[in-house]
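# pasted the sequence and its predicted model underneath.
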Amino acid sequence: MPGPVGSAALLDPALLSAGADLAAMPKLINESRQAGLFKATLIAAPARVPLLSTGPTEFWAYNGSLPGPLIEVTEGDNVEITLVNQLTQPTTIHWHGLPVPPGQDGNPHDAVAPGQSHTYRFTLPVGCAGSYWYHPHPHLLAAEQVYRGMAGGFIVRARQDPLAQIPERSLILSDLKLDARGQIAPNDSDDWMNGREGQFVLTNGQNRPVLRFSPQGRERWRVWNANSARYLRLQLPGSTLTLVGTDGGLLEKPQAGLEEYLLAPGQRAEFIVDAGQRRDLAKLVSAVYDRGKMGDVAPEHPIAILSVDFSAVSASALPPLPDKLVVIPDLGKPVAHKRVVFSESMSMRNGQHEMKFLVNGRQYDMNRIDLKSRAGDVEVWEIANQADMDHPFHLHGTQFQVLSRELDGEAIAVPYKAWHDTVNLKSGETVRIKTVQHWPGIRMFHCHILEHEAAGMMGQLKVI
Ligand code: C2O
Ligand code: CU
């Protein structure tokens, strides 16, 4: 695959070995003996990972692991996680998608200085079971910290899960861009404009591994798009996917027969995969998706993410999935409305074109409040993408439901209720969401292409 135009020489993708068995993901060990308390430490520090035979690649990682260790808790649990910052720059841990108070959410106002520690404490309400993630969110530095390896999965398990009997996988997909020496390539100007895309998409830190499918013939996959900017248009040719969950947990009913599913940066999805009659070696791929990149970019190619080996499947018939999974309540009658507009503007600076990424016409300012809400108020937000590229909108602190969408003035169906914290907007698209904030404090909302967030496509909501 050719490297992005104008960037430094990149590692030949053939040099990174592929095809090892998908390994079990390291888990964050609970150090507490108290029931209902999850207590642990995450150390953010440089880590050398042996990816290439020519020598280790230096990442920035949590507890030396790539991706960060998987956190698994149960709804209702108290969580106490200490971040130790052994980097040479400030960092935070943001609990992406989780309903935690603003002061515990690791936003840019609460950076932890190099050499310092900070303990995050929160209680996970019953009803928030789902697949979340954690990643840094310091002012201007989040994109680099994430592309250097800092991100991990955070599963909140339900006390009663209608799909608990099905063997489960966590697949954290993260983009990797290596320079010719096998080290993390810094972002170039195209990356800062379009968002970074490297020559690899790792699964749980492995390059194109092989997933040996369960003999039982059915698996539940939780999939994370932990990429800075790469969209995943997931397809498993020869099989269809059954969507059972989104960012904030299960759907009301399984959505069977999907030929593909678009997972934007920051989003998660849960699928049921059935082997059916197949016993072959299949490929999970990301098909080409045109998100409107600007400038002289290299043509896109489909990307192989992993292989699925169905050869050990012995089951011939599978029971039907439950028809009802959970109830997604309506949030109630809206009492306030908000409007958010994403746009881009091109200007000249020192003889160079500079792209600005704007929310309601302005770049992010830490010292400015852009919108105000009242805790507990049901609100409808209308988000409009007037930019030329797709931008995934993310709101901190809560999950929302999509009410309606329109592309260039034409309505697009919203086929099922679902919990989201991130929703993609194509150029010319408008999405209406219903949402509630639960605590007073400051919340971010932004484009989850992390380079755009750094370039100013972020606003602040003050909840009173
Ligand atoms: Cu996943 Cu404000 O971030
Ligand atoms: Cu964006």
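All right, it came through fine. Not measured: the values here are computed from a predicted model. Ligands and ions are numbered 1, 2, ... in the order given.

# residue contacts, whichever residue of the stretch 101-250 of the chain sits closest to ligand 2?
Here the residue of the stretch 101-250 of the chain nearest ligand 2 is Gly195; by CB to the ion that distance is 6.6 Å. Placement of C-beta: from N, CA and C, glycine included. By CB atoms under 8 Å, 6 or more residues apart in numbering, the residues touching Gly195 are Ser228, Ala229, Arg230, Pro265, Ile449, Leu450, Glu451, His452.

# what about 7 Å?
Ser228, Ala229, Ile449, Glu451, His452 (CB atoms under 7 Å, 6 or more residues apart in numbering).

# and for the residue nearest to it when sequence neighbours are not counted, the neighbour number?
Closest residue in space to Gly195, ignoring its immediate chain neighbours: Ala229 at 2.3 Å, by CB to CB, 6 or more residues apart in numbering. For Ala229, the count of nearby residues is 27 (other CB atoms under 10 Å).

# in CSV, list the C-alpha atoms belonging to stretch 56-76.
Listed next in CSV are the C-alpha coordinates belonging to stretch 56-76 (Å, rounded to 0.1, in the frame of the first residue of the first chain):
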residue,chain,number,x,y,z
PRO,A,56,11.7,-3.0,19.3
THR,A,57,9.2,-0.2,18.5
GLU,A,58,8.8,2.4,21.2
PHE,A,59,5.2,3.1,22.1
TRP,A,60,3.6,5.1,24.9
ALA,A,61,1.5,2.6,26.7
TYR,A,62,-0.6,1.8,29.8
ASN,A,63,1.2,-0.8,32.0
GLY,A,64,3.5,-1.6,29.0
SER,A,65,0.7,-3.3,27.1
LEU,A,66,-0.6,-2.6,23.6
PRO,A,67,-3.6,-1.9,23.7
GLY,A,68,-3.9,-1.0,27.3
PRO,A,69,-5.1,-3.8,29.6
LEU,A,70,-8.8,-4.6,29.2
ILE,A,71,-10.9,-3.4,32.2
GLU,A,72,-13.9,-5.5,33.1
VAL,A,73,-16.4,-4.5,35.7
THR,A,74,-20.1,-5.0,36.5
GLU,A,75,-22.8,-2.4,36.5
GLY,A,76,-23.2,-0.9,40.0
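
# buried residues in that stretch, which are they?
Buried residues in stretch 56-76, counted by 16 or more other CB atoms under 10 Å: 57, 59-73, 75-76.

# now do stretch 125-138
Gly127, Cys128, Ala129, Gly130, Ser131, Tyr132, Trp133, Tyr134, His135, Pro136, His137, Pro138.

# OK, now which residue of the protein is nearest to ligand 1?
As assessed by CB to the nearest ligand atom, ligand 1 sits closest to His96 within the chain, at 3.6 Å.

# for the residue nearest to Gly195, what are its contacts?
Here Ala229 is in contact with Asn194, Gly195, Arg196, Glu197, Pro265, Ile449, Glu451 (CB under 7 Å, 6+ apart).

# make sure it is indeed in a helix.
No - read with DSSP: H, G, I helix; E, B strand; the rest coil, Ala229 is coil and lies in no helix.

# quick check, the helix or strand where His394 lies touching ligand 2?
Using DSSP states H and E, His394 falls within strand 391-395. Yes - for strand 391-395 and ligand 2, the contact criterion (CB under 5 Å from the ion) is met by His391.

# coming back round to it: now do the SS call for the nearest residue to the residue of the chain closest to ligand 1 once chain neighbours are set aside.
Nearest non-adjacent residue to His96, counting by CB to CB, 6+ apart: Trp133, 4.9 Å away. Under the three-state scheme (three-state DSSP), Trp133 adopts strand.

# pairing-wise in the sheet, spell out the partners of Trp133.
As for beta bridges, Trp133 partners with His96, Gly153 under DSSP bridges.

# mind listing what the nearest residue to Ala455 once chain neighbours are set aside touches?
Distance criterion CB to CB, 6+ apart; nearest residue to Ala455, sequence neighbours excluded, is Phe357 at 4.5 Å. Counting by CB under 7 Å, 6+ apart, Phe357 makes contact with Glu344, Cys447, His452, Ala455, Gly456, Met457.

# cool, and Ala387?
Shown in contact with Ala387 (CB under 7 Å, 6+ apart): Phe342, Ser343, Glu344, Ser427.

# looking at these, which is nearest Ala315?
Ser427 (44.6 Å; CB to CB).

# pull the distance from stretch 305-319 to the chain's centre.
27 Å (CA atoms, centre = their mean, to the nearest Å).

# please identify the buried residues of it?
For stretch 305-319, a neighbour-count test (16+ other CB under 10 Å) marks Ile305, Leu306, Ser307, Val308, Asp309, Phe310, Val313 as buried.

# now do the same end-to-end measure for it.
29 Å (CA to CA, to the nearest Å).

# what is the rounded mean pLDDT of that stretch?
Across stretch 305-319, pLDDT averages out at 93.

# identify the residues contacting it?
22, 173, 201, 203, 208-213, 215-218, 236, 274-275, 278-286.
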